[in-house]
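> Provided below are the primary sequence and the corresponding predicted coordinates.
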Amino acid sequence: MPIRREFLKWPAERPPSWAGVWPTAVGYHGCPPHRRLGGFDFFCPHLITRGRVKVEHIPDESVRLGPGDGFNVFPGVPYGYERQDQDVHCYWVRLTGPLAGGFLAAMGFRLERRHFRAADPDLVAACFDELLALAGEYGRDGDLRTVEVLHRMVRGYGYHPEPREATEPFASRVRDFMEHEMDRGLNIEQISRAFRVSRSTLFLQFKNAFGRSPMAVLQELRTARACRLLRETALPVREVARMCGYSDPLYFTRDFKRRQEVSPTAFRGGATGLGAEAPRS
């Protein structure tokens, strides 16, 4: 069966001033083999509605996804895909804007969670169909309809984590939470409240599990992620800082240099620092 594909450039090239996220193109394809793609400056959520697809998040992950599964492409992060069945249909939309990263996080997409099953795949597919229709016929209310559809798409993806095993050590669950929610910039007080324990209890749990304080573990996680993003992506340093939980890129640069003995730019250019390994239970 021939691979069907559609690519529609978004008709409104300039987003309204009040829109923090905006599409630049929308379409669908049959996932022909692409072994290594990347270097893009946009986010691109996908939804598979038919067939199976092998998705490679280079260099560390390869998964096989099927109908109802979504995956996201991040700016500057290489990836690849290849259809596993003859008949495959996969929607996609390119998103940019100052709030695009937070918008994708609201859907559930993060670097540590680049794929998952959509909460309501039919709703997401319907939103893609509406975007395709809008791209083909953009009326006077097109701007408002675009934003409304995108926000319904967030609800359709609606990631919810699977329940944790009760037997998993408490400190490990908190550490995973730190890593998954890092770009929110949570501090130790907020993390303690999220798990309904005191800071002193959290400190004792981490000392017993990892031999370090919660703050030390959080900083190690941030540094490990920063090193990985600098090595493996072309993201601007300010975006690396945001994804590691720093609201101030200058403070991130100073903190990174203090820990790694080189600046983020020098590290990316090939200078060697101390390295960073995230603590494991």
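Perfect, thanks for sending it. This structure is a prediction, so every number in the text was calculated from the model and none was measured.

> all contacts plus neighbour counts: C-alpha atoms, from now on.
Will do.

> specify the residue ranges that define each domain of this structure.
Following automatic domain parsing, one finds the domains of the chain at 6-157, 170-268.

> where in the stretch 151-281 of the chain is pLDDT low?
Applying pLDDT under 70 to the stretch 151-281 of the chain flags the ranges 160-167, 271-281.

> show me where it has strands.
When assigned using DSSP state E, counting those that start in this stretch, the stretch 151-281 of the chain turns out to have no strands.

> in it, which spans are helices?
When assigned using DSSP state H, counting those that start in this stretch, the helices of the stretch 151-281 of the chain occupy the ranges 170-180, 188-194, 199-210, 214-232, 237-243, 249-260, 264-268.

> save those helices as JSON lines, and put in mean neighbour count and distance to R94 too.
Below are those laid out as JSON lines (neighbours: other Cα atoms under 10 Å; distance: least, Cα to Cα, whole Å):
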{"stretch": "helix 170-180", "mean neighbour count": "17", "distance to R94": "23"}
{"stretch": "helix 188-194", "mean neighbour count": "14", "distance to R94": "33"}
{"stretch": "helix 199-210", "mean neighbour count": "16", "distance to R94": "41"}
{"stretch": "helix 214-232", "mean neighbour count": "19", "distance to R94": "21"}
{"stretch": "helix 237-243", "mean neighbour count": "20", "distance to R94": "18"}
{"stretch": "helix 249-260", "mean neighbour count": "16", "distance to R94": "26"}
{"stretch": "helix 264-268", "mean neighbour count": "18", "distance to R94": "27"}
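
> so which of those is nearest A135?
With respect to A135, and counting by Cα to Cα, the nearest of the helices of the stretch 151-281 of the chain is helix 237-243 at 29.3 Å.

> helices and strands around that closest one, which ones?
With contacts taken as 3 or more Cα pairs under 8 Å, 6 or more residues apart in numbering; DSSP states H and E, helix 237-243 sits against helix 214-232, helix 249-260.

> out of those helices, which is closest to G108?
Closest to G108 of the helices and strands packed on helix 237-243, according to Cα to Cα: helix 214-232, at 18.3 Å.

> beta partners for the residue nearest the centre of the chain?
Taking Cα atoms, centre = their mean, the centroid of the chain lies closest to R110, which sits 2.4 Å from it. On the basis of DSSP bridges, R110 takes part in beta bridges with R113.

> for C127, see how far away it is.
Note on R110: its distance to C127, by Cα to Cα, to the nearest Å, is 21 Å.

> neighbours around H46, how many?
Residues contacting H46 under the criterion other Cα atoms under 10 Å number 22.

> you'd agree it is in a strand?
Yes - assignment of H46 by DSSP: H, G, I helix; E, B strand; the rest coil places it within a strand.

> now it. Nearest residue, chain neighbours left out?
Closest residue to H46 apart from its sequence neighbours, by Cα to Cα, 6 or more residues apart in numbering: W92 at 4.3 Å.

> can you tell me the SS state at that neighbour?
On the basis of three-state DSSP, W92 is classed as strand.

> so it makes contact with T24?
No - counting by Cα atoms under 8 Å, no contact exists between W92 and T24, whose distance comes to 11.1 Å.
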